[in-house]
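Undergrad: how does the following fold in three dimensions:
(2 chains)
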Amino acid sequence: GNSVTQMEGPVTLSEEAFLTINCTYTATGYPSLFWYVQYPGEGLQLLLKATKADDKGSNKGFEATYRKETTSFHLEKGSVQVSDSAVYFCALRARSGGSNYKLTFGKGTLLTVNP
Amino acid sequence: NAGVTQTPKFQVLKTGQSMTLQCAQDMNHEYMSWYRQDPGMGLRLIHYSVGAGITDQGEVPNGYNVSRSTTEDFPLRLLSAAPSQTSVYFCASRDRGGSNEKLFFGSGTQLSVL
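TA: I've put the predicted structure just below:
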């Protein structure tokens, strides 16, 4: 079946530090890949996405590249801010058959950025 | 534009009670879904619907019922609440098909079953 594995948290960084949150996946076919972000007390919001191999998704200074050869979609940001403190979820949407509408989420990684 | 609206935001139930979590969206989305979020488990799909009158089970459907009589509404029913259903519940919707794969989430319902 489909699955997403992302690095265990929590991750604590100082402002302006470099961020990497690792995400790897298992899926049949060629899934679409996503990063969602959940700020405290809110629902999830789409941060970025990539729909095919070698695509790079980017938004708000965050980037992630769809690596088919390593089945990975690692999230990176060059300089984090306090306002980036949130829980980050990696997710995939498989393209085959009845699972076409289902997102599979990782367990989430809590990021805390200190001033 | 309200997006996805969930009510209530908080609820406390006793074991065996029933209740309905409401979800409404005003974006004319065909696809709607319910997730539960538990610590260390991420989000798990409970039920989903690809249009009015069509529903299907997700990963963890037991103990929950859904119906979809209109495009806008997708209520989640707990028939006999159990402590294992203590969780945060999210409703989400999206356009069907095409290149728009963005899920829109509600702000969640925090449910405690005593």
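Undergrad: use CA for all of it now, contacts and neighbours both
TA: OK.
Undergrad: show me what contacts B:Lys9?
TA: B:Ser107, B:Gly108, B:Thr109, B:Gln110 (CA atoms under 8 Å, 6 or more residues apart in numbering or on different chains).
Undergrad: and chain A, which of the residues you listed reach it?
TA: B:Ser107, B:Gly108 (CA under 8 Å from any CA of the partner chain).
Undergrad: who wins for neighbours among the contacts of B:Lys9?
TA: B:Gly108 (28 neighbours; other CA atoms under 10 Å in any protein chain shown).
Undergrad: pretty sure that one contacts B:Tyr89?
TA: Yes - counting by CA atoms under 8 Å, B:Gly108 does reach B:Tyr89; the two are 5.4 Å apart.
Undergrad: hang on, the earlier thing: from the contacts of B:Lys9, which single one is nearest A:Thr20?
TA: B:Ser107 (26.6 Å; CA to CA).
Undergrad: how far out from the middle of the chain is stretch B:78-93?
TA: Centroid displacement of stretch B:78-93 relative to its chain, using CA atoms, centre = their mean, to the nearest Å, is 8 Å.
Undergrad: equivalent analysis for stretch B:21-29, please.
TA: Relative to its chain's centre, stretch B:21-29 lies at 10 Å (CA atoms, centre = their mean).
Undergrad: do the same with stretch A:14-27
TA: Going by CA atoms, centre = their mean, the spacing between the C-alpha centre of stretch A:14-27 and its chain's C-alpha centre is 7 Å.
Undergrad: cool, and stretch A:19-35?
TA: That offset, for stretch A:19-35, works out to 7 Å (CA atoms, centre = their mean).
Undergrad: alright, I will stop here.
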